[in-house]
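S.K.: A structural model of the following input is requested.
(3 chains)
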Amino acid sequence: MNLSITLTVNGRERMLALPDPRVTLLDLLRDRLDLTGTKKGCDRGHCGACTILVDGRRTNSCLALAISHDGADILTIEGVAHGDTLDPVQAAFIAHDGFQCGYCTPGQIMSAIGLIREGQAGTDPERVREGMSGNLCRCGAYAGITEAVLEAQRALDAAEQEQAA
Amino acid sequence: MYDFAYHKPTSIADAVKILAADPDAKPVSGGHTLLPALKHRLNQPSALVDLSGIAELRGIKREGDTIIIGAMTRHGEVATSDIIKSAIPALAHMASTIGDTQVRNRGTMGGSLANNDPAADYPAAAMALGAKFQTDRRTLAAEDFFQGMFTTALEPDELLIAIHFPVPKKAGYAKLKNPASRYSMCGVFVADGAAGIRVAVNGAGPGVFRQEAAEAALSANWSPEAVAGVKQDPDGLNSDIHGSAEYRAHLVTVMTKRAVLDAG
Amino acid sequence: MSENTLAQAPVHLRQGSSIGQPLTRRDGVLKVTGGAVYAADNHPPGLLHAVLAVSTIARGRVAALDLAAARAHPGVVEVMTPGHKPALAQDPDEKAGPFAFRLDLLQDDRVRYANQSIAVVIAETIEAATEGAALLAPRYEVEPARMDLHDAESFFPAVVGAGTPAAEHHGDVDAGMAAAAVRVEATYDTSAQYHNAMEPHAIVAVWDGDKLRLDTPSQGMAMAQARIAGLFGIPPENIHIRSPFLGGGFGSKGMISGPQVLGIMAAKLVGRPVKLVLRREQMYGPVGHRAPTRQTLRLGADAGGALTAIGHHTKTASSSFDDFFEPASGASHSLYASPAIATSHEGVRLDTGTPLFMRAPGEATGSIALESAIDEMADACGMDPLTFRLKNYAEVEPISGKPFSSKALRQCYEQGAARFGWASRPLAPRMMRDAAGMLVGWGMGTATFPALMFQAKARATLRRDGTGLMEIGAHDMGQGAWTALAQIAADGLGLDIDQVEFRSGTSDLPDGGIAGGSAHTATAGMAVHGAGADVIARLAELATGDERSPLFGAGNAGVVARGGRLSRRDDEARGESYADILDRAGLAGIEGSGGSAANPVAQSAYAMHAHGAVFAEVKVDPDLGQIRVTRLVGAFAAGTIINPRMVRSQYYGGMIWGLSFALLEKAVTDRRSGRIMNADLGEYHVPVNADVPSVEAILVEERDAHVNALGIKGVGEIGITGTAGAIANAVWHATGRRVRQFPITLDRLID
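M.R.: Numbering: from 1, shown residues only, chains lettered A, B, ... in the order given. All right, here's what the predicted structure looks like:
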């Protein structure tokens, strides 16, 4: 059995030899690639704290076997900012106090980025709430999260219009 | 998790060959059911046969009056497919209510149907629409495919390839979700199609079942009012921390009414 | 200058520029980039992974473990069991103090509750340790579990909660009931709840001789140090805890838990660094919970709607081996005026883990029952619920007769009701429907939480370059300590916040007290404030005694500190910068310290509470019983607001917990096995974003001259109180059904 895979993680190609086929993407990122921004909240796909983008789609990394993702393109929270410049989603989370303890935040932000990329955010708070409901926040920062996603979408729309003009 | 070997075949034939050679091997698609089961050690496959590398298992197409959906098609793809939205909008709507986006991005139609969880959504659509199940060796009718809780007619080494949904005249779906997992506490899919007028219920019982009294009522008069008086017998329905059998029986009537409204 | 002199802080009380500002979180960038390091993110070299094996029974003995199978698994290094573990210096069952809860540290083969630790497997990888733990395949001698609050022998504990008397009264409740024209007697049930912080309890333990470094989330590092020091027989100062960020605590990380200590023991056993992280399901037992209650309320009122009696009795459960009784009846002490009030508690023992402080312990649980009963009484009197509450407004604390140190509850009622539109509420239930046919109901509840103060210390330094340093071992579990305490520090030091370095979150800093009881901002904040005052006083002393200084002869009290300068109070143009003073004195810096504690004189003279009013709208699907909270408006008065942005977030969080209490949370136990059937986040319901449509919090102005010199009360827990009751009352108003079992489930609203 060949247990080596190639992943592109935050734009960088990594060749990885897995010690075990049981290793999930989450444990791979946290324990072997030292990318600990992605969090383990339940390890069962219930809480969304481990959300990353796999080939652009939001994924619970706790339920994804690493071995199954040979060739995948992976974006984690560590790859979101552009150098020292925060992504509009990150900036909006700070501005709207869309977190308290911060533990679910990487997953929330990855989910928000996914939602926006899916074109599902829009301007309707109800849709944003539904679209962000795979990510639990026990502190109850939902109001700020929803406002942050709406504002990030507005910022991105405005930037797009500016570019088009 | 017990240790297991891992295979990622690229063709249906190879996958079937591996499954045939090792009776304890298990196919895996999205993994959202199997991985938690493995983590809880409820399952001890000798090997996982990862189906995500088989291109021919994916995709949605229309052939005449039939929509053919590859077994590895993800819920998110079903929910957003223009083909499905125009031909069977109730099916796209159903897919959009499964779990959350993270789940819909991984979970597959074939995985869900082959698992046949009583609280899963798709079995009701397959049953009500009279879907056909195409495997590597045969084609099964929905009535024959589903065999009760977590059981189907699939042999251990048999692979579900695609599901064929006849396009109905109209169809509708309504469910009450578990507030946390979004699993169906009771969902009803109604269809007026090739198989006649059918009403199939998920979530309420140990497996998908047809509500024949409601079918008769709708055959006589397709309207929400016609099914308002249908009484589901709670005997044999699920009873758990989220709702009693009596409550679920009540839901069958309410959801049937709402599914008819949804169908228009 | 003594350490406890906030009232006399000489120079700079009201020149604050940072306090009151809605700054964004100073730890925000770290938290949105994945850079904030939580305990389990640490990977010291040579790290091994430990995984708990936990019991699947609730009572009995472990008869056998397959140690050979676990040890034989590739990667497994050690298996720690009752027979093979490092010696402890103290019996984990010894009660060293009221907060030293008994721990399960493999002291014997007894099982006292489900999910109790019975062995620890230590391995090279998390996968191997997990598999090794599973291979232990325990066999048990099972004894019948006692799981039913209503089917166990009860007794009357002397104290409840953190040590308050279990029974209190004033006046004669029986006489008050006999004299009443209207009576309400009702019983309310609340369910067992689990904290479920997003971050599971975790520890990374590294021994170096008899020194110990720990990365572990803690709401009270000094208390944890003391407990660990006792257990391992080492001096507390040998233990260095790093807890810069907690992924939520809510009380469950207040005291060091058994599994955390087992991580330390595992590291000692193998002589290598060890990481131990609880799995989600393992958090349903050894790290505390909110116990179930049955509460009986007896209210009497005269014909005009004035209360004549409040009786509040709570039956609740502790574990079989330790004492923590949810102090639910205390909610009736302070809210409504009544000539007679009696509160009492009754306990049973169940085969569960020991219950613990969980966000608003007592107040949350008691408030939903009291606020429901008050609503029932208002209805029985034919009065609007707000009118009824105003009629029974407490001008002094009812149980004690003490005046309140401050109480802007009337303004909370007014502002909340106005914002919500309460005036147009029909009196009778089941009168409102929306366009989709949903039943609409409006309900309200009063919120309250005591304004507590614990003890803390802080150290302040002014440096020659004119910048400041504030150090305190405080705890940020999401409430915003990194930001709010830095704001207080900036004002205390008379500096712009960007000129202040704020160090926190480790145990080698001055003891910041505990983050609990909604008291951390007040407690740690007053220590920070005092340290600032102290260092400024020292600096002023230096300047005013130096004839080369323009401040010479001004005296401490004649000096103000602002913007990095000391100036004469009578002529602010005359002054000089901190840097100049230190430079001339030839000092690299100057240090001061501060401490805080409750003022016993003020405490005996005044009742100290924060207050609020919460208004809720619910929509109920008449066919399904499905409830959706469509609007929540809370108005809260909690003294001085350090940072309105973060305070608002605390109120939101509390209100969402109130929603969760009323409608969602319930741990369900299998009566036979004693196991919790929904020990995961798929089946134990906590709110998701879609459950929380519209929530508003109004920050009502309130000044308090007695709670502490800055007038700070707590904001972290009050939001739950009032909200849970408001939602329950709105459900009644929508449907006409009074559900007295919480959470309110769908099937209770269907015939």
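S.K.: strands of chain A, residue ranges please.
M.R.: In chain A, the strands defined using DSSP state E lie at A:4-9, A:12-17, A:51-54, A:57-60, A:73-75.
S.K.: quick one: which of those strands is nearest residue B:67?
M.R.: Judged by CB to CB, the one of the strands of chain A that comes nearest to residue B:67 is strand A:57-60, at 23.0 Å. Any C-beta I mention is one placed from the backbone N, CA and C, and that applies to glycine too.
S.K.: show me what the closest one is packed up against.
M.R.: Packing contacts for strand A:57-60, counted by 3 or more CB pairs under 8 Å, 6 or more residues apart in numbering or on different chains; DSSP states H and E, involve strand A:51-54, helix A:105-117, helix B:101-104.
S.K.: tell me the strands beside that strand, with direction?
M.R.: Sheet pairing of strand A:57-60 (DSSP bridges) gives strand A:51-54 (antiparallel).
S.K.: outline the domain layout of chain B.
M.R.: Following automatic domain parsing, one finds the domains of chain B at B:1-54, B:170-263.
S.K.: quick check: end-to-end length of the longest one?
M.R.: Here the two ends of domain B:170-263 are set 6 Å apart, with distance taken as CA to CA, to the nearest Å.
S.K.: that domain - what's its average pLDDT?
M.R.: Per-region confidence: domain B:170-263 scores 94 on mean pLDDT.
S.K.: and the shortest one, by the same measure?
M.R.: Predicted confidence along domain B:1-54 averages 93 (mean pLDDT).
S.K.: residue C:623 contacts residue B:256, doesn't it?
M.R.: No. Because the distance of 11.3 Å does not satisfy CB atoms under 8 Å, residue C:623 is recorded as not touching residue B:256.
S.K.: these two: who's more crowded?
M.R.: Comparing residue C:623 with residue B:256 by neighbour count (other CB atoms under 10 Å in any protein chain shown), the higher total belongs to residue B:256, at 30 against 17.
S.K.: name the SS class of residue C:445, please.
M.R.: Under DSSP: H, G, I helix; E, B strand; the rest coil, residue C:445 falls in the strand class.
S.K.: one step back: now the helices and strands packed on strand A:57-60 in CSV, with mean neighbour count and mean pLDDT?
M.R.: Supplementary listing: the helices and strands packed on strand A:57-60 in CSV, determined by neighbours: other CB atoms under 10 Å in any protein chain shown; pLDDT from 0 to 100:
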stretch, mean neighbour count, mean pLDDT
strand A:51-54, 26, 98
helix A:105-117, 27, 97
helix B:101-104, 26, 93
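S.K.: on that earlier part again, out of the strands of chain A, which is closest to residue B:243?
M.R.: Residue B:243 lies closest, by CB to CB, to one member of the strands of chain A: strand A:57-60, at 26.4 Å.
S.K.: now name the helix or strand holding residue B:98.
M.R.: Of the helices and strands defined by DSSP states H and E, none includes residue B:98.
S.K.: quick check: closest non-adjacent residue to it.
M.R.: Closest residue to residue B:98 apart from its sequence neighbours, by CB to CB, 6 or more residues apart in numbering or on different chains: residue B:75 at 4.8 Å.
S.K.: run a quick neighbour tally on the one you found.
M.R.: The number of residues packed around residue B:75, counting by other CB under 10 Å, is 27.
S.K.: ramachandran angles for it?
M.R.: phi -60, psi -40 (degrees, to the nearest 10).
S.K.: picking that back up, need the helices and strands packed on strand A:57-60 in TSV (columns: distance to residue C:519).
M.R.: Below are those laid out as TSV (distance: least, CB to CB, whole Å):
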stretch	distance to residue C:519
strand A:51-54	35
helix A:105-117	26
helix B:101-104	38
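S.K.: in contact with the residue nearest to residue B:98, which residues?
M.R.: B:95, B:98, B:99, B:103, B:104, B:105, B:107, B:108, B:109, B:112 (CB atoms under 8 Å, 6 or more residues apart in numbering or on different chains).
S.K.: is any residue of the helix or strand that contains the last one near chain C?
M.R.: Secondary structure from DSSP H and E places residue B:112 in helix B:109-115. No. No part of helix B:109-115 sits near chain C under the criterion CB under 8 Å from any CB of the partner chain; the closest distance found is 15.6 Å.
S.K.: which other helices and strands does that helix contact?
M.R.: Using 3+ CB pairs under 8 Å, 6+ apart as the contact test, the elements touching helix B:109-115 are strand B:66-70, helix B:75-80, helix B:122-129, strand B:160-166.
S.K.: how about the secondary structure of the closest residue to chain A within the stretch 451-600 of chain C?
M.R.: Chain A sits closest to residue C:478 of the stretch 451-600 of chain C, with a gap of 3.1 Å, by CB to the nearest CB. Classification of residue C:478 into helix, strand or coil gives coil, according to three-state DSSP.
S.K.: quick one: it and residue A:102 touch, right?
M.R.: Yes. Residue C:478 lies in contact with residue A:102 (CB under 8 Å); the separation is 6.9 Å.
S.K.: so which residue is smack in the middle of chain A?
M.R.: Closest residue to the average C-alpha location of chain A: residue A:110 at 2.0 Å, with CA atoms, centre = their mean.
S.K.: number of residues surrounding the residue of the stretch 1-150 of chain C found nearest chain A?
M.R.: Closest residue of the stretch 1-150 of chain C to chain A, CB to the nearest CB: residue C:34 (1.9 Å). Neighbourhood size, residue C:34 [other CB under 10 Å]: 25.
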